[in-house]
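*Asks:* Predicted model, plus sequence, below.
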Amino acid sequence: MLTIQNSINLTQLNTLRLNSVTNHYIQLASLEQLDEIAAIIADYPRYFVLGGGSNLILPENYDGLVIHNQLKGITFNSDKSAYKLVTAAAGEIWDDFVANCLANQAYGLENLSLIPGTVGASPVQNIGAYGVEVKDFIDYVTVYDFNLRQLTKLSNAECQFSYRNSYLKNKPQYLVVSVTFKLPTTAKLMISYGDIAKQMAEIDNPTANDLRACIINTRRSKLPDPAEIGNAGSFFHNPIIAAAQAQKLKQRFPNLPIYPSANAEQIKVSAGWLIDNLGLKGTRSGNIGVYPKQALVLVNYAIASKDELLTFAREIQTKVYAHYQIQLNIEPIIL
Ligand SMILES: Cc1cc2nc3c(=O)[nH]c(=O)nc-3n(C[C@H](O)[C@H](O)[C@H](O)COP(=O)(O)OP(=O)(O)OC[C@H]3O[C@@H](n4cnc5c(N)ncnc54)[C@H](O)[C@@H]3O)c2cc1C
């Protein structure tokens, strides 16, 4: 049975702590509710699925229906092969799930430790950190299709994962119900990434748990905790530009960090460096500012609105474009 609530404040349900109220709200706690929701969503002008609210820019008034995913449950297959198939319901908290996998000798996700949010959102933007993307370990994603009113399995290939993107992004007809991961039962640690490599080199015979601890410490030292200060992690994508343009930029700015991308003719450039190099780290306008320890993160010092945040973000985009002729794109989903 569905309980639809009206005028629900979402300020504490988004990690940017943007001031926001939705006209209508439901908690999704069981699969049986999905057909009922499918039957009523046409009555609303719009809807979206809310997970942990850590990658969202919410409007002051959302004139629609928020479906707050609370589906829970994790199953580990018990066979003793080289891989474990692990299925987690979409409403599970991502970092608790990573810890649970390690405790069950299912490895690979440790580099993605402490990313906020839910399991269900992880394939939507193909979360990634420290040289690993979640797509590397997803076997398939089970979605509920609001148009067909049925569950469908999307294979890894069908999800069309790319950098912070997938087939599921901006497709409201799909609600991720669960994600099935294929995780090796023997840990192969991914420790090539700068800071992490240095710290891990000091540990004899490091384990996946050591790597998780190292990632958690590093993240805590660099990123603001949303419980203390509103933010959505990286606010801009690292731009992917033509290799020739990257070479020219590298001549102008020899310290600019650049990385290979999936396409050999394109190069990924550090958006944080572009912003930091303009002296914008720590700057602030009203309630919104650039986090003093990490230029890629915008923070909300009080309870700002979407407009205030986007005005500040546009100023950064304009300055970056004027100086480097690179367009920065906003990473969180704007509603
Ligand atoms: C401090 C901080 C650090 C971060 N670090 C990283 C990082 O290192 N790497 C990284 O990739 N991201 C990072 N993020 C961004 C964010 O944590 C991820 O994008 C996360 O996966 C969002 O999960 P969520 O449950 O909060 O999704 P939400 O913000 O609730 O939703 C995000 C989008 O996914 C959709 N969605 C959510 N759940 C479902 C579902 N079940 N079915 C269909 N659609 C759904 C929503 O409709 C929305 O479009 C960080 C954020 C913060 C605040």
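*Replies:* Yep, that arrived.

*Asks:* Count the neighbours of residue 290 for me.
*Replies:* 25 (other Cβ atoms under 10 Å). The way it works is simple: take the backbone N, C-alpha and C, and place the C-beta from them, glycine included.

*Asks:* Please state the backbone phi and psi of it?
*Replies:* Backbone geometry at residue 290, expressed as degrees, to the nearest 10, gives phi -90, psi 130.

*Asks:* tell me the contacts of it?
*Replies:* Applying Cβ atoms under 8 Å, 6 or more residues apart in numbering to residue 290 gives the contacts 275, 280-284, 297-299, 316.

*Asks:* which residues in the chain form helices?
*Replies:* Along the chain, counting by DSSP state H, helices occupy 33-40, 94-103, 194-201, 208-222, 243-252, 271-276, 306-324.

*Asks:* what's the closest of those to the ligand?
*Replies:* helix 94-103 (6.4 Å; Cβ to the nearest ligand atom).

*Asks:* buried set for that closest one?
*Replies:* For helix 94-103, a neighbour-count test (16 or more other Cβ atoms under 10 Å) marks 94-95, 97-102 as buried.

*Asks:* So which of the contacts of residue 290 sit within strands?
*Replies:* 284, 297-299 (DSSP state E).

*Asks:* which one of those residues has the most neighbours?
*Replies:* Busiest of those [other Cβ under 10 Å] is residue 298, holding 26 neighbours.

*Asks:* Isn't that one up against residue 231?
*Replies:* Yes. Using Cβ atoms under 8 Å, residue 298 makes contact with residue 231 at a distance of 6.7 Å.

*Asks:* any shared contact partners between these two?
*Replies:* With Cβ under 8 Å, 6+ apart, residue 298 and residue 231 have common neighbours residue 291.

*Asks:* Output the helices of the chain in JSON lines, with distance to the ligand appended to each entry.
*Replies:* Converted to JSON lines, the helices of the chain look like this (distance: least, Cβ to the nearest ligand atom, whole Å):
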{"stretch": "helix 33-40", "distance to the ligand": "11"}
{"stretch": "helix 94-103", "distance to the ligand": "6"}
{"stretch": "helix 194-201", "distance to the ligand": "13"}
{"stretch": "helix 208-222", "distance to the ligand": "7"}
{"stretch": "helix 243-252", "distance to the ligand": "22"}
{"stretch": "helix 271-276", "distance to the ligand": "12"}
{"stretch": "helix 306-324", "distance to the ligand": "14"}
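
*Asks:* Pick the most buried one from the ones you listed.
*Replies:* Highest mean neighbour count of the helices of the chain: helix 271-276, a mean of 21 (counted as mean count of other Cβ atoms under 10 Å).

*Asks:* That's all I had, so thanks and see you.
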